[in-house]
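# Could you look at this predicted model? Sequence included:
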Amino acid sequence: MNETKTPGTFDIAAKSGRARTGVLHTSHGPIRTPAFMPVGTAGSVKSLSNPEIEATGADVILGNTYHLWLRPGCNFLRDWGGLRNFSGWNKALLTDSGGFQAWSLSSIRKIDDEGITFRSHLDGAKLRFTSETVLDAQRAIGADIIMALDECTPSDADIPTATRSWERTLSWTRTMAELWHKDPTAHGHAQLLFGIAQGSLHAGLRERSCRELAELDLPGLAIGGLSVGEPEPEMYRIASVCTEVLPEHKPRYVMGVGTPRNLLELIDLGVDMFDCVMPTRNARNGMVFTWNGAFHYKAAKVAKDPRPFDPDCQCLACRSHSRAYLRHLFVSNEILALRMATIHNVHFYQDLMDASRRAIANGTWPEFKRTTLERLERKGEPL
RNA sequence: GUGGCUGUAGCUCAGUUGGUUAGAGCCCUGGAUUGUGAUUCCAGUUGUCGGGGGUUCAAGUCCCCUCAGCCACC
């Protein structure tokens, strides 16, 4: 396991049905899959220090091109030798292209065939996102995995709209892939470019989207445009269509997902990588995830609960504090509550991935998935 | 003792020349949260409007009495 492999190498060690476990190698360490990647939009997994992130077991974290472009700026980061040098994070980094902001910030952007123009939400300045500028930006930020510019299509888009949208995404991806192939190490180390499938909830479009992407010979492929409001079964249906078409030997990344249940279902469909703000955001909003389900730790019912968030968890929060104390801190607006809950949630997500990897490796995946899904229904109350 | 001010939700207060089922913020309770514009958002509970009487079609609002707190002067 200590051998250094070429960045982009994806070794699948074991399978169970469509589920797989393996390792994706990057310029800054291996990513064990299935992997959950905590989100650090502005260069920080909110409220956590680098050692705290590492202690959760995360191999890789995310940054966001749109937000980092605004602050501190791409040239600034280039001068620092990339975000990793600036922030001190020395494991793998992935940057999202800003395509999600085409959806989440739809009120302050315009899309045309060449790209996306944002009006900064900070000062109104115009930012022009094209294949070229987004590749440059991500080279400046210096992530190990960079994402193609895409348009995150709304889940209710009709076929003509969704078609126009994914064709635009595909054309941007083609241009970006061409530029990237010319010099995959322009930043100084190998950066793996991932393309993103779109197509909304239309199976035919998704299938075409995945087939077209597969031809671009990129080191990884992502499924975007999910978890944007569609019903859960729809998400699984579309993810399944995609994983059936995507090449077997490339890592598959479902962007922006999700709940612990979502992760297990998608791993079962052959997905290898995930990212989601849920563990970090919900921690700050008073909710924690446990092996016995999620619950609001700010709720009155835990005011005197002496147990840790999760008796089965070895994170700093669970080793140090009771639910009662952490509720008190939350209710009192103490920052420590947010930090501890974030540490716990990210740690739990990593534990969930670790257990999934082991279950796939040792052949107990179906049983593990079934019993875990049952436990996750319990809302934090051990039986 | 005299004069004045103030009494409205658990807290701090708003209530227009009297006019529908008396409001806000905080607190409290519950819920949401899916490639972060999030210490965010949504919803809900709580009232003898200090008490009594009067005027009026109608009083938190006007009048009288009374109680409590505060201030000033004796």
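Arrived safely. Numbering: from 1, shown residues only, chains lettered A, B, ... in the order given.
# Quick check: which ranges of the stretch 1-150 of chain A have low pLDDT?
Counting by pLDDT under 70, the stretch 1-150 of chain A contains low-confidence ranges at A:1-3.
# Close to RNA strand B: what parts of it are there?
Within the stretch 1-150 of chain A, the positions adjacent to RNA strand B are A:39-42, A:45-46, A:62, A:64, A:66-67, A:96-97, A:99-101, A:103-105, A:107-108, A:121, A:147, A:150 by C-beta under 7 Å from any atom of the strand. No exception for glycine: its C-beta is placed from N, CA and C like everyone else's.
# Tell me how far stretch A:173-180 lies from the chain's centre.
On the basis of C-alpha atoms, centre = their mean, to the nearest Å, stretch A:173-180 sits 22 Å off its chain's mean C-alpha point.
# Dump it to PDB, keeping only the CA atoms.
Output in PDB follows, covering the C-alpha atoms of stretch A:173-180 (Å, rounded to 0.1, in the frame of the first residue of the first chain):
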ATOM      1  CA  THR A 173     -16.100  19.600 -21.100                       C
ATOM      2  CA  ARG A 174     -14.800  18.700 -24.600                       C
ATOM      3  CA  THR A 175     -12.900  22.000 -24.800                       C
ATOM      4  CA  MET A 176     -11.600  21.700 -21.300                       C
ATOM      5  CA  ALA A 177     -10.500  18.000 -21.800                       C
ATOM      6  CA  GLU A 178      -8.600  19.000 -25.000                       C
ATOM      7  CA  LEU A 179      -6.800  21.800 -23.200                       C
ATOM      8  CA  TRP A 180      -6.100  19.600 -20.200                       C
END
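# circling back: and the residues of the stretch 1-150 of chain A next to RNA strand B, which are buried?
Buried residues within these, defined by neighbour count using 16 or more other C-beta atoms under 10 Å: A:39-41, A:45-46, A:62, A:64, A:66-67, A:96-97, A:99-101, A:103, A:105, A:147, A:150.
# Okay, and which of the residues you listed map to helices?
Within these, membership in helices is found for A:Tyr66, A:His67, A:Gly99, A:Phe100, A:Gln101, A:Trp103, as judged by DSSP state H.
# The first one and A:Ala102 touch, don't they?
To tie it back to what came earlier, the one meant is A:Tyr66. No. Applying C-beta atoms under 8 Å, one finds A:Tyr66 not in contact with A:Ala102, separated by 9.2 Å.
# State the pair within the ones in helices among the buried ones among the residues of the stretch 1-150 of chain A next to RNA strand B that is farthest apart.
Between all members of those, the longest pairwise span (C-beta to C-beta) is found for A:His67 and A:Trp103 and amounts to 14.7 Å.
# if you skip the residues just before and after it, what's nearest to A:Gly115?
Nearest residue to A:Gly115, sequence neighbours excluded (C-beta to C-beta, 6 or more residues apart in numbering): A:Thr130, at 3.6 Å.
# from what I can see that neighbour touches A:Leu149, true?
Yes. With contacts defined as C-beta under 8 Å, A:Thr130 counts as touching A:Leu149 at a distance of 7.2 Å.
# can you list residues touching both of the two?
With contacts taken as C-beta atoms under 8 Å, 6 or more residues apart in numbering, A:Thr130 and A:Leu149 have A:Gly115, A:Trp172 as neighbours in common.
# For the two, indicate the residue with more neighbours.
Of the pair A:Thr130 and A:Leu149, A:Leu149 is the one with more neighbours under other C-beta atoms under 10 Å, namely 28 against 17.
# In contact with that one, which residues?
With C-beta under 8 Å, 6+ apart as the criterion, the residues that contact A:Leu149 are A:97-99, A:115-116, A:129-131, A:134, A:169, A:172-173, A:176.
# From A:Pro247, how far off is it?
For A:Leu149, the distance to A:Pro247 (C-beta to C-beta, to the nearest Å) stands at 21 Å.
# any chance you could map the helices in the stretch 201-350 of chain A?
Assignment of helices within the stretch 201-350 of chain A using DSSP state H, counting those that start in this stretch yields the ranges A:203-214, A:232-245, A:260-268, A:278-284, A:316-320, A:323-331, A:335-362.
# What are the boundaries of the strands in the stretch 51-200 of chain A?
Listed in chain order, the strands found in the stretch 51-200 of chain A under DSSP state E, counting those that start in this stretch are A:60-64, A:92-96, A:109-112, A:115-119, A:126-130, A:145-147, A:192-197.
# From A:Gly380, how far off is the spatially closest residue to A:Ala359 that is not a sequence neighbour?
Nearest residue to A:Ala359, sequence neighbours excluded (C-beta to C-beta, 6+ apart): A:Phe368, at 3.6 Å. When distance is defined by C-beta to C-beta, A:Phe368 is 20 Å away from A:Gly380.
# okay, those two: which has more neighbours?
When A:Phe368 and A:Gly380 are compared for neighbours, A:Gly380 comes out ahead with 23 against 18, by other C-beta under 10 Å.
# Quick check: that one is in a helix.
No. A:Gly380 is assigned coil when assessed by DSSP: H, G, I helix; E, B strand; the rest coil, not a helix.
# wait, isn't it in contact with A:Lys301?
No. At 9.4 Å, A:Gly380 and A:Lys301 do not qualify as touching, with contact defined as C-beta under 8 Å.
# Give me the pLDDT for A:Arg255.
No, residue A:255 isn't Arg; it's Met. On pLDDT, A:Met255 comes in at 98.
# List the contacts of the nearest residue to it once chain neighbours are set aside.
Taking C-beta to C-beta, 6+ apart, and ignoring the residues beside it in sequence, A:Met255 has A:Gly224 as its nearest neighbour in space, at 4.8 Å. Counting by C-beta under 8 Å, 6+ apart, A:Gly224 makes contact with A:Gly99, A:Phe100, A:Asp150, A:Cys152, A:Ile196, A:Ala197, A:Gln198, A:Met255, A:Gly256.
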